[in-house]
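[1] A predicted structure for the sequence below; I have some questions about it.
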Amino acid sequence: PYRCDICYKAFGRSYSLTRHKRIHTGEKPYRCDVCHKSFTQSFHLKMHKRTHSRDVLYSCDICGKSFIQANDLKKHRRVHTGEKPYVCMICLKPFTDSSQLKRHIRVHTGEKPYTCDICNKSFSQSGTLAKHKKIHLRNAEQTGKLYQCEVCTKTFGRAYSLTRHRRIHTGEKPYHCVVCGKSFTQSYHLKIHMKTHSRDR
């Protein structure tokens, strides 16, 4: 049998193991060319595409690419026209859509809303966090040290990460604010919270 080196589940065929591993890595190699949604399996993409056959599609008159929503077509056309209507008010850099501008502004503000649940490192973009988590996964595979939650079977590369994760199930909040008494599951969250009191003074 072909065994997963992360959760030790066994499979009769190698491609079944390859497909299963995407649960751990988050890889979604099958992408819909209409709405850009991604899937772990080709079968799921095939089923998804049937939903578009019932949709009224908006097609680009330049390249023929189709979209479900007229607004998505409008955004796409900017690829051809070069139009960039969203401008950063700090450095005046222009962008084709508002989501790009929102991500860019974090360069100036230093905001990092995406936090790794394994090591607490924060990132400005979700894609960067996903790449970072794969490093933890590879390290765990190489060392052979994986700690599995007995409640939800989620795996971790470090024992303390599992301990911290278990608090989701137990409701334990061992870190207490000495000012207002509010409790937290992680010391990092308490540290962030304490800053609100420093602003109150």
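    Right, received. Where do you want to start? Keep in mind that what you see is a predicted model, and the values were worked out from it rather than measured. Residues are numbered from 1 along each chain as shown.

[2] now the helices for the protein?
    Assigned by DSSP state H, the helices in the chain fall at 14-25, 42-53, 70-81, 98-109, 126-143, 159-170, 187-200.

[3] so which of those helices is nearest C88?
    The minimum distance between C88 and the helices of the chain falls on helix 98-109, with 5.9 Å, by Cβ to Cβ. To be clear about C-beta, it is placed using only N, CA and C from the backbone, and glycine gets the same treatment.

[4] which residue is nearest the middle of this structure?
    Residue closest to the mean C-alpha point of the chain, counted by Cα atoms, centre = their mean, is S126 at 4.7 Å.

[5] identify the residues contacting it.
    Neighbour list for S126: Y114 [criterion: Cβ atoms under 8 Å, 6 or more residues apart in numbering].

[6] so how far is P113 from it?
    9 Å (Cβ to Cβ, to the nearest Å).

[7] mean pLDDT for the helices of the chain - can I get that in JSON lines?
    Listed next are those as JSON lines, based on pLDDT from 0 to 100:
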{"stretch": "helix 14-25", "mean pLDDT": "81"}
{"stretch": "helix 42-53", "mean pLDDT": "81"}
{"stretch": "helix 70-81", "mean pLDDT": "90"}
{"stretch": "helix 98-109", "mean pLDDT": "90"}
{"stretch": "helix 126-143", "mean pLDDT": "78"}
{"stretch": "helix 159-170", "mean pLDDT": "82"}
{"stretch": "helix 187-200", "mean pLDDT": "81"}
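
[8] to Y2, which of these lies closest?
    Closest approach to Y2 among the helices of the chain (Cβ to Cβ): helix 14-25, 4.1 Å.

[9] tell me which residues touch Y147, please.
    Counting by Cβ under 8 Å, 6+ apart, Y147 touches 155-159, 161-162.

[10] so for G144, what's the pLDDT?
    Per-residue confidence at G144 stands at 63 (pLDDT).

[11] mind putting the helices of the chain in a markdown table, distance to Y2 included?
    Output for those, formatted as a markdown table (distance: least, Cβ to Cβ, whole Å):
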| stretch | distance to Y2 |
| --- | --- |
| helix 14-25 | 4 |
| helix 42-53 | 19 |
| helix 70-81 | 40 |
| helix 98-109 | 39 |
| helix 126-143 | 15 |
| helix 159-170 | 26 |
| helix 187-200 | 39 |
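
[12] show me what counts as buried in stretch 106-124.
    Buried residues in stretch 106-124, counted by 16 or more other Cβ atoms under 10 Å: 114, 116, 118, 122-124.
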